[in-house]
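[1] quick one: sequence and predicted model below, then my questions.
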Amino acid sequence: MKAFQYVRSTTAKSAIDALAKDPAAMFLAGGTNLVDLMKRGVTEPDKLIDISRLPYNKIEKESSGVRIGALALNSQVAEDKLILEKWPLLALALNAGASAQLRNKATVGGNMLQRTRCGYFYDTEMDCNKRQPGSGCGAKEGYNRMHAIFGTSEQCIAVHPSDMCIALAALDSTVIVQGPKGERKIPFADFHRLPGDHPEKDNTLEKGELITAVTLPDSPYAKNVHYLKVRDRTSYAFALVSVAAALELEGKTIKSARLAMGGVAHKPWRLLEAEKALVGQTISEATFQKAAEIAMHGAKGYAYNSFKLKMAPNSIVEALKIAAGLTS
Amino acid sequence: MKNKDEMIGGRMSRVDAVLKVTGQATYFAEYEVPNLTYGVLVPSTITKGRIKNLDTKKAESAPGVLAVITHLNAPKVPAYEAQEPSKTSSGRGPGMMAFHTDEIHFNGQPIAMVVADTFERATFAASLVKADYQEEKHQTELKANLAQGKVPKTNKSLQDYQRGEKDAYKNAPVKLEEEYVLPTEVHNPMELHGILAHWEAADKITVYAKTQGVKMTQQVIADTFKLPKENVQVHSQFVGGAFGMSLRVWPHEIATILAAKKVNRPVKLVITRNEMFTIAGYRPHTHQKVGIGATKDGKIVGISHWAHVQNSNYEEFTEATVAMTKFMYRIPNVNTTYRIVPLDICSPVPMRGPGEATGAFALESAMDELSYALNVDPIELRLMNYPEKDPERDLPWSSNHVRDAYKMGADKIGWANRSNKPKSKMEDGMWVGYGMATGTFGAHRRPATARACLNADGTLLIQSAASDIGPGTGTAVVQIAAEVMGIPASKIRFELGESKLPDAPIQGGSATVASVGSAVHDACLELRQKLVELSGNALKNAKAETLVYEDGKISSPKDRSASITYTEVLKRNSLPKLEVTKESKLDEDQQKKFAMYSFSVHFVKVHVHPTTGVVKVKHAVALADAGTIVNHKTASSQMMGGAVGGIGMALTEEAIIDHRFGRYVNNNFADYHVPVNADIPDVDVLFVDKKDPYTNPMGSKGLGEIAIIGMAPAIANAVYNATGKRVRELPITPDKLI
Ligand SMILES: Cc1cc2nc3c(=O)[nH]c(=O)nc-3n(C[C@H](O)[C@H](O)[C@H](O)COP(=O)(O)OP(=O)(O)OC[C@H]3O[C@@H](n4cnc5c(N)ncnc54)[C@H](O)[C@@H]3O)c2cc1C
Ligand code: SF4
């Protein structure tokens, strides 16, 4: 690991100023992703600005919705009474991620900014456009079982690994950031980006910006929700495919729906068209099948991940069935 | 009164349990040696070729660095000079000569070691070493190189085998021929590999090692550096799991010894988790084909078993992949073929159930497939073809209670609930399946020596250079001594893991209790005998075996008042202690008269999700026919651990190489999936627990290997029963079932 300086900030301003001054500095929150990347030589900051003591660790009810501090721990959010009562989908997604130990350390902001788990990105001996722009994509012709089926580019086919973000995408959240130019609100759908010609950029955060909170609007999705994560072992594994499903039901009729998928794209993959197709329909396997079919438009598999073309729609149907109470 | 739990067949807790859970057990990396320095390896980034140029300048001038050792400046190794790295010490030597030439045999091969005053500084400096290579085309893919398969020269038992007619299965009324593939699996014990090397003088070295045999490590180092054995001392009292990976000395261990010589200070190397995949062995990726044929009423007529096994390009590794096929069932016509395929990769090393675990996946899957083809219950098929004696060598079994195990397991798992028709049962929205498979491993016993020393205060010290990598060897040995001597376990201490102690074999092949336990048993018998002779009272003329040994005294069964305590015997003879050293081994005739094997049977019940393909093992029953169970508690833990390993083998574990580069892409714990707690169901462990009359004085048979052998096919068979999908390429990940 490259030697680095460590400083601790206690105000947002000092943190933002410190980062503005030093182009090779980075924020450190829980460190569960960043420190791993530093050990592997993937990320080599010369200064870490520890933001873990900034006063952004609260979960606060607002006049409408909730504000979750960027430094709230993953475990804290997952156990929060208000979240469990009003936005249980978020808690389900959080608890499907990583392990209890990691969730006790990982923060909301850090979770959003965690980097892909693509093996070629992690191995500094391999080609990877995300780590080393222009070097090539090791995964495209390589071992790409965990990789994307939507929104890929010639340059990169990686997925965003977060579970939490899939629920945040489904629940129409907003990211609040502070930067040298003041505060900015980014709709969650615009926060992460597709790789395009710049896979080195995971999101639309600008240099020097600090995430301070995520807000969720009031939602009718307190009951019929499910987060389904299909993975290679029961816990402590990233998703092959995951689905966040939320239904607003009136009897057996769907008033509104929210759907997003993980493990399939460079960003949390919101399924707007499929949501639309569900509205006004009666809950049934056939309804869900149709939505899943719509959701899969434009999907494309690679040598090792074509199974996702089947696993993804199957998982959408399954998640919706569970959310609707059609299975145990 | 004897405490039953402390006797053979009891269930006393581990003698080192408190030390382990309170952190007082000292593992090799925890030894404090004055002036200690830290080694970190630099891996090759190409897979085959030569080092053209090594730039170590930056690393050498980095803070805290004492030396960068490479093939250009490493001290000479006598055995390397003589080109005999693997000829030494019955193939347990390093095999590949680290820092001896510029040749690259595999990706990740150490090309340099940086030694610094702290681990962190050494790690940083290692990242500064740069190499230029002359790269050659490499081959790492087994499937693409099956045609390169060779008959191994080093293992006669793996030459082509034929009994009866060749490929007789082809003419049978019911037959099948299928391929079964096992990926590379990596041992990954919790404790990382490494060594601490300390030259005490120019020709005297002490090492703290992670080894499954201190005597083996001592011999290898002595041979490699051409030192007298007594000038090499090896300490390895505690080992944090090994599963076979420490059955040899690895090149990086010799490299560390070289480094210590170079910097003239002790050097400690602890390899990284990534390096656990690249430089310290694995269970080899194996392609197998089985052809099996039977009559319509289920008599197996013939079986053929071919195996192609991943190997390195610099030495031969073999394991008994096709052995079980020769004797597990009564089959008149059998032929087996075993080929090693040299590839540009590190050598494999035995991994729990070496060979048999791989072979059983093929054989026991094929048996299951045959049972469906015949439409008979898989247990029934096995019973119909049960061999009354070993069909390979035409010898009676020393003991074989596998039929009892089938019955016990079937009852426990609820086999009666199984449908012989796949994909016909659902529970909670999941397909339900039941599966079973058999496993076997030779019941070995190797020569071993133990010293038993009775002290004036009535305590007993037992010594032997055995290892205890986790099974509870130390506990079993104390029980055996407690039983023979009639001394409470609290008064017995077992010293192991030191090369200066009496000879013990490596801890491999499930043979430690049979070997070292027998030596302890025999040493204690002799000690008893001596006590009787020295007793100087009425007992001295009695036959030792007719007397009673309890509560630290000898008494006559007829006249309990005629008794004398051991301490009294010593006192009367003015002896501060009484000591016996005894070698013990299996009578060779016995070995020729009986086929000695342990057997296991695994039963599982699985749930499979119909649309996502997720498999959940709901219940597992692990049975062992392993003779006398010396300690039911530690033996149960062994069996449970094996079942967990089998779940990993069946469902999650696979080390993946990108063959374009010859590099692993998932050599870390996030991407290489060992099973986690949430993957493990209730595991019921049952023992037949019948003494084997011939194996050793306790009547035990080995347990460590059979604990895993057969678990993976039992799961694959259950998955088939649940879904109608036969997965012949492990692991059974969800994508293979949708
Ligand atoms: C073995 C393993 C398994 C895992 N499995 C899963 C899983 O199954 N599902 C899942 O979702 N996740 C998983 N994770 C990832 C885990 O969720 C992330 O590591 C964690 O959420 C990161 O949070 P952190 O606070 O530790 O971030 P850090 O590591 O501290 O930071 C991550 C990045 O975010 C930046 N950053 C942090 N906070 C802010 C902020 N407020 N403003 C601006 N920038 C910021 C840092 O500069 C850094 O670049 C796993 C991790 C590991 C190690
Ligand atoms: S998929 Fe993206 S992250 Fe992975 S190697 Fe290609 S460019 Fe790098």
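    Great, that's in hand. As the structure is a prediction and not an experimental result, all values here were calculated from the model. Ligands and ions are numbered 1, 2, ... in the order given.

[2] distance from the chain centre to the worst-scoring helix or strand of chain B on mean pLDDT, please.
    Of all the helices and strands that make up chain B, helix B:588-593 has the lowest average by mean pLDDT, DSSP states H and E, namely a mean of 87. Taking the mean of its C-alpha atoms, helix B:588-593 sits 25 Å from the chain's own mean (Cα atoms, centre = their mean, to the nearest Å).

[3] beta partners for the closest residue to residue B:146 other than its chain neighbours?
    Across the structure, with Cβ to Cβ, 6 or more residues apart in numbering or on different chains as the measure, the residue nearest residue B:146 apart from its sequence neighbours is residue B:308 (5.1 Å). For glycine as for every other residue, the C-beta is placed from the backbone atoms N, C-alpha and C. Following DSSP bridges, residue B:308 is listed with bridge partners residue B:287, residue B:339.

[4] which ones are touching residue B:308?
    Residue B:308 makes contacts with B:142, B:146, B:149, B:286, B:287, B:288, B:339, B:340, B:341, as judged by Cβ atoms under 8 Å, 6 or more residues apart in numbering or on different chains.

[5] and the least confident helix or strand of chain B, what does it pack against?
    Counting contacts by 3 or more Cβ pairs under 8 Å, 6 or more residues apart in numbering or on different chains; DSSP states H and E, helix B:588-593 packs against no other helix or strand.

[6] buried stuff in it?
    For helix B:588-593, burial by neighbour count (16 or more other Cβ atoms under 10 Å in any protein chain shown) applies to residue B:591.

[7] check stretch B:11-31 too.
    Using 16+ other Cβ under 10 Å as the burial criterion, the residues of stretch B:11-31 that qualify are B:12, B:14, B:15, B:16, B:25, B:27, B:28, B:29, B:31.

[8] and the nearest residue to residue A:205 once chain neighbours are set aside, what element?
    The shortest distance from residue A:205 to any non-neighbouring residue, by Cβ to Cβ, 6+ apart, is to residue A:177 (6.5 Å). Taking DSSP states H and E as the definition, one finds residue A:177 inside strand A:174-179.

[9] okay, buried residues for the host helix or strand of residue A:18 please.
    Taking DSSP H and E as the definition, one finds residue A:18 inside helix A:12-21. With burial defined by 16+ other Cβ under 10 Å, the residues of helix A:12-21 counted as buried are A:12, A:15, A:16, A:18, A:19.

[10] now do stretch B:478-490
    Of all the residues in stretch B:478-490, those buried under the rule 16+ other Cβ under 10 Å are B:478, B:479, B:480, B:481, B:482, B:483, B:484, B:485, B:486, B:487, B:488, B:489.

[11] swap in stretch B:296-305?
    Neighbour-count burial for stretch B:296-305, counted by 16+ other Cβ under 10 Å, picks out B:298, B:300, B:301, B:302, B:303, B:304, B:305.

[12] nearest to residue A:106 among those?
    When the buried residues of stretch B:296-305 are compared for distance to residue A:106 (Cβ to Cβ), residue B:305 wins out at 49.0 Å.

[13] surely the closest one touches residue B:286?
    No. Counting by Cβ atoms under 8 Å, no contact exists between residue B:305 and residue B:286, whose distance comes to 11.4 Å.

[14] nearest spatial neighbour of the closest residue to ligand 1 within the stretch 51-200 of chain A, chain-adjacent residues omitted?
    Closest approach of the stretch 51-200 of chain A to ligand 1 (Cβ to the nearest ligand atom) occurs at residue A:110, with a separation of 2.1 Å. If you skip the residues right next to it in sequence, residue A:110 has residue A:29 as its closest partner in space, 4.0 Å away by Cβ to Cβ, 6+ apart.

[15] count of residues packed around residue 306?
    You didn't pick a chain, so chain A it is. Residue A:306 is flanked by 16 other residues according to other Cβ atoms under 10 Å in any protein chain shown.

[16] that's the other chain; I wanted chain B
    Residue B:306 has 21 neighbouring residues, counting by other Cβ under 10 Å.

[17] just the pLDDT at it, thanks.
    Residue B:306 carries a pLDDT score of 98 in this model.

[18] what's near enough to touch it?
    By Cβ under 8 Å, 6+ apart, the residues touching residue B:306 are B:288, B:289, B:290, B:322, B:336, B:337, B:338, B:339.

[19] I'd like the next helix or strand past the lowest-mean-pLDDT helix or strand in chain A.
    Here the helix or strand of chain A ranked lowest by mean pLDDT, DSSP H and E is helix A:12-21, holding a mean of 94. Secondary structure here is assigned by DSSP H and E; on that basis, the next helix or strand after helix A:12-21 toward the C-terminus is strand A:25-28.

[20] quick one: mean pLDDT for stretch A:190-205?
    Rounded to a whole number, the mean pLDDT of stretch A:190-205 is 98.

[21] quick one: is it near ligand 1?
    No. Under the criterion of Cβ under 6 Å from any ligand atom, stretch A:190-205 makes no contact with ligand 1; the nearest approach is 6.7 Å.

[22] ok, residues contacting that stretch?
    Residues contacting stretch A:190-205 (Cβ under 8 Å, 6+ apart): A:112-113, A:115-116, A:129-131, A:133, A:137, A:151-153, A:155-158, A:160, A:165, A:175, A:177, A:186, A:211, A:265-268.

[23] quick check: residue B:403 is in a helix.
    Yes. Judged by DSSP: H, G, I helix; E, B strand; the rest coil, residue B:403 forms part of a helix.

[24] my guess is it contacts residue B:386. True?
    Yes. Because the distance of 6.2 Å satisfies Cβ under 8 Å, residue B:403 is recorded as touching residue B:386.

[25] residue A:57: neighbouring residues, count only.
    The burial count assigned to residue A:57 is 16, neighbours taken as other Cβ under 10 Å.

[26] same question but for residue B:464, I mixed them up
    29.

[27] residues in contact with residue 124?
    Chain wasn't specified; assuming chain A. With contact set as Cβ under 8 Å, 6+ apart, residue A:124 has these partners: A:40, A:41, A:42, A:131.

[28] actually chain B
    If a contact means Cβ under 8 Å, 6+ apart, then residue B:124 has A:1, A:2, A:3, B:62 as its contacts.

[29] residue ranges in the stretch 401-550 of chain B under the pLDDT threshold?
    Applying pLDDT under 70 to the stretch 401-550 of chain B flags residues B:538.

[30] what residues does the stretch 1-150 of chain A put near chain B?
    Within the stretch 1-150 of chain A, the positions adjacent to chain B are A:1-3, A:41, A:117, A:119-120, A:122-123, A:125-126, A:138, A:141-143, A:145 by Cβ under 8 Å from any Cβ of the partner chain.

[31] filter those to the buried ones?
    A:117, A:119, A:120, A:122, A:123, A:126, A:138, A:142, A:143, A:145.
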